[in-house]
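Sequence first, then the predicted structure, then my questions.
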Amino acid sequence: MNELQVHNGDLIAVYGLLRVGQSGFNKFGLEQAFSYMGPCKIAGKMLDMDGFPGLFAGEGVVVGDLFRIVDPQIMISLDEFEDFWPQQAEKSRYVRKKTQLIAPEATQAWLYHCLLPATDRPQVLDGDWVKWFLEHYSAAKI
């Protein structure tokens, strides 16, 4: 069995541009492909990778949204968006894997983990990319 195979009903947690109301959520029509389950908390640290978030192992809590996957075919587009290339690992900037969440407790969900170098990247201390982006990027565009 393919360990990366996504099935109808699997859970996915997102923490950045794929969260509800963000550009990726709208771009991919995730409202139809996913069923919103509620907020979630992910163990790890979030770094600002120059305009997009990266989830890394480490101390901290990352804020996310949890969904049930209604249309597994959407994962082809999301893997491409996240630069996850299962057949060409050296080309990937992220890896998708099932991960245990902090909350809801005892929940496993698909998550994209960043593979890029983390050196000299600012940490999003409160783990909320949406809030960080508004504070650090939106003001610069006014």
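Looks like it arrived, so ask away. For clarity, every value in this text was computed on a predicted model and none was experimentally measured.

Return the distance of the lengthiest strand in the chain from the chain's centre.
When the chain is parsed with DSSP state E, its longest strand is strand 53-69. Chain-centre distance of strand 53-69: 6 Å, with Cα atoms, centre = their mean, to the nearest Å.

buried set for it?
53-56, 60-67, 69 (16 or more other Cβ atoms under 10 Å). From N, CA and C alone the C-beta is placed, and that goes for glycine too.

list the helices and strands it packs on?
Applying 3 or more Cβ pairs under 8 Å, 6 or more residues apart in numbering; DSSP states H and E, we find strand 53-69 packed against strand 11-14, strand 34-48, strand 108-114, helix 129-133.

average pLDDT across that strand?
On average, the pLDDT along strand 53-69 is 97.

Please export the C-alpha coordinates of that strand as CSV.
Provided in CSV are the C-alpha atoms of strand 53-69 (Å, rounded to 0.1, in the frame of the first residue of the first chain):
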residue,chain,number,x,y,z
PRO,A,53,5.3,29.7,6.6
GLY,A,54,7.4,26.7,7.3
LEU,A,55,6.6,24.1,10.0
PHE,A,56,9.7,22.6,11.6
ALA,A,57,10.3,20.2,14.6
GLY,A,58,11.0,22.1,17.8
GLU,A,59,9.5,23.7,20.8
GLY,A,60,6.2,25.6,20.2
VAL,A,61,2.6,25.4,19.1
VAL,A,62,1.4,26.2,15.7
VAL,A,63,-2.2,27.3,15.0
GLY,A,64,-4.0,25.6,12.2
ASP,A,65,-7.3,24.6,10.7
LEU,A,66,-8.4,20.9,10.6
PHE,A,67,-10.4,19.5,7.7
ARG,A,68,-11.8,16.2,6.6
ILE,A,69,-10.9,15.5,2.9
